[in-house]
Each structure stands twice: as C-alpha cells, then as structure tokens.
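Novice: got a predicted model here, sequence first, then my questions.
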Amino acid sequence: MNLGRKDLLGLKELDKEEIIKILDVAAEMKKILSQGVKRVPHLQNKSVVTLFYENSTRTRMSFELAGKFLSASVSNIAVSNSSVQKGESLIDTGKTLDALMTDVVIIRHYCSGAPHLLAKNIKARVINAGDGMNEHPTQALLDMFTMREKVGHLKGLKVTIIGDIKHSRVARSNIIGLNKLGAQVTLTAPKTLLPYDIERMGAQVKPLNEAVKDADVIMSLRMQMERQLSGLIPSRKEYGRFYALTEDVLNTARKDVYIMHPGPMNRGIELSSELADSPQSVINEQVTNGVAVRMAVLFLLTRGGKR
Ligand code: CP
C-alpha cells in the first residue's frame, strides 16, 4: 500500500480515499507505539531531512521522531545557520539535498507555495510542514485522526473553529479535509479575520454562541500576529473578550464536546488556561497522535518507491 504520489503538498491534492488510508495506517502506527515499540524497519536505508524556514516545536520534533521510529536517518537543517543566510535559493538548497541522496525533504516555509516549487524542482519527495497561509496538511490529518478516534466517525461530525481563520493554514487544511470526509465545519471570528472566499470553501459562518451550541468538537486557534500586516483587531485583550473560549462559553455547548488547539497556545487569549487543562481538552493527545500520523505519511509516501 502506498499513496501513489511523489509528494504530500496539501489536502487539496488528496482524495477522500487517500486521506482515509493515511488515517487507517496511522491507527496501525499508534498501535505499535502504544506497545512501547520505538523502532520498526519500515524506512531503513531512507534519508529524511527537515528544512524549516519558520519556528516549530511540535511538527519538527514529531517528524523527527516519526522518521527515527521508522529507522530512517533523520537530519535537521537549521536554516538560520545554513547557506540560506549566504543567499542560496530554495531550489539550490533542494538540489544540494538531492546531491546528498536525501529521500524525503520536510519543509516549512513562510511563503505559500514554497513546498510546491521545491517539489517540482527536486527528485526527493517533499512533505509540506506548513506553507505561509496556505496549508498544514499533516496537522489537519492529526486533528482528523484525533476527532475520529474520540468520536468514532468523521461523517456528519460538527466541528467549530474559532479565531484567526484568515491567517491559519491549519484551519484551511482542516476545512478542506473535513469537507472531503463529510464533516460539517462552522467558523466563528471577527469579519477581519475571515478569508473573503470562506463560503466557497464549504464552511458556514455563525456568531460564537450559535457556533458552539451543537458542536462535537471546538477548535480554538492562535492569533497569528506575525502574519497580520495591519491592525485587524483593536487588541488581543479586546479580541479575547468576544472570541476567547472560556468556561462561560463552554457552558452553552454540549457537555461531551471535545476541545482542540493545534498549538502553540496563548493561554488566556484565545483559550482559558482552565479549559486547556480540562478533561474535555485533547490538546496533548493531538501532539501524541502527530507522531503516528507522520509515521503513516512517511511510510505511505516512500514504500516501494524509488527516490
Ligand atoms: N501546530 C504546529 O504546527 O505547531 P508547531 O509550530 O510547534 O510545529
């Protein structure tokens, strides 16, 4: 079983069956990990490189662990200490990795489309670990994996996403992926933090109280101040007054609703600290599931294929 494609660039490119295949293989990987096994031979003789032009804790670390647990050789390029600082282009950096016999490049970049450009120009397989405001496919896959594990199904699932949708590649990938799997996505945010084409993406927009009331899952997002060109909100405190997920808001939701956040969190801004640590929060499980999902992606992309 493999994905039959060279790269994983976004959920836009994957069909429903491919997404389900990744989630199913991730479930197998999770079973292996839950038995305490931290070394299987699936990626023996494969070389994986992480190339991150933006900061990361969860994604980079879980890809690194996923590669190591699958017996790949895993290396990290610290872009701030690399020849990128001497002016080397993305494509030349990629061709250098090809010359170093790299099988998989995992890239995070501040420009939307950078992984697509790299993938077109190098022999190594490319995995998008987040590109600008475009997509973060493996985050959405681990989010969907966590939802399916918790609720048992994705078809008909009611997922509410709160916050900075406009700048969130996580929201974008989740909307695309959840739609393909038959879930119903509702968004709530100040108008200035919603993309102009939101209805075309297949999500409905509702005020906060209506959006949370019937949700199976509520996902809170970080305010991405680093991607905001001008003041789209009066202040983070003001934003928090109207859009923070707090106990008061949660009292209007179902008792069995799950709380998710892709991280990193700004406690007390988009999500109260109490809710982040509450029994309804599955935030740490999302992180744990990220390793199994990334093992599945690495395995399905590289299995049986030549570089
Ligand atoms: N969710 C996410 O992408 O986290 P990191 O920025 O820590 O990788």
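Specialist: Structure received.
Novice: now do the contacts for Gly177.
Specialist: Leu11, Leu14, Ile19, Pro137, Ala140, Leu141, Met144 (CB atoms under 8 Å, 6 or more residues apart in numbering). C-beta here means a position set from N, CA and C on the backbone, and glycine is covered the same way.
Novice: save these as JSON lines, and put in distance to Met101 too.
Specialist: Shown next, in JSON lines, are those (distance: CB to CB, whole Å):
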{"residue": "Leu11", "distance to Met101": "29"}
{"residue": "Leu14", "distance to Met101": "27"}
{"residue": "Ile19", "distance to Met101": "30"}
{"residue": "Pro137", "distance to Met101": "25"}
{"residue": "Ala140", "distance to Met101": "31"}
{"residue": "Leu141", "distance to Met101": "27"}
{"residue": "Met144", "distance to Met101": "33"}
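Novice: looking at those residues, which has the most residues close by?
Specialist: Pro137 (32 neighbours; other CB atoms under 10 Å).
Novice: that one against Leu11, yeah?
Specialist: Yes: here Pro137 reaches Leu11: they are 5.0 Å apart, a contact under CB atoms under 8 Å.
Novice: where do the contact lists of those two overlap?
Specialist: With CB under 8 Å, 6+ apart, Pro137 and Leu11 have common neighbours Ser173, Gly177.
Novice: circling back: and the contacts of Gly177, which two are furthest apart?
Specialist: The span of the contacts of Gly177, defined through CB to CB, is set by Leu14 and Met144 at 11.4 Å.
Novice: for stretch 97-112, buried residues please.
Specialist: For stretch 97-112, the neighbour count (16 or more other CB atoms under 10 Å) marks Leu97, Thr102, Asp103, Val104, Val105, Ile106, Ile107, Arg108, His109 as buried.
Novice: one more: stretch 9-29?
Specialist: In stretch 9-29, counting by 16+ other CB under 10 Å, buried: 9-11, 14, 18-23, 25-27, 29.
Novice: model confidence score at the most far-flung residue of the chain relative to its centre, please.
Specialist: Residue farthest from the centre of the chain, counting by CA atoms, centre = their mean, is Lys86 at 30.2 Å. Model confidence at Lys86, expressed as pLDDT, equals 94.
Novice: any idea how far it is from Ser281?
Specialist: For Lys86, the distance to Ser281 equals 44 Å [CB to CB, to the nearest Å].
Novice: report the buried residues of stretch 209-227.
Specialist: Those would be Ala211, Val212, Ala215, Asp216, Val217, Ile218, Met219, Ser220, Leu221, Arg222, Met223, Gln224, for stretch 209-227 by 16+ other CB under 10 Å.
Novice: follow-up on the earlier one: ok, which pair from the buried residues of stretch 97-112 is furthest apart?
Specialist: Asp103 and His109 (19.6 Å).
Novice: quick check: residues of the stretch 101-250 of the chain near the ligand?
Specialist: By CB under 6 Å from any ligand atom, the residues of the stretch 101-250 of the chain that approach the ligand are Gly130, His136, Gln139.
Novice: mind checking which of those land in helices?
Specialist: Gln139 (DSSP state H).
Novice: mind putting the residues of the stretch 101-250 of the chain next to the ligand into TSV with neighbour count?
Specialist: Conversion of these to TSV gives the following (neighbours: other CB atoms under 10 Å):
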residue	neighbour count
Gly130	25
His136	25
Gln139	25
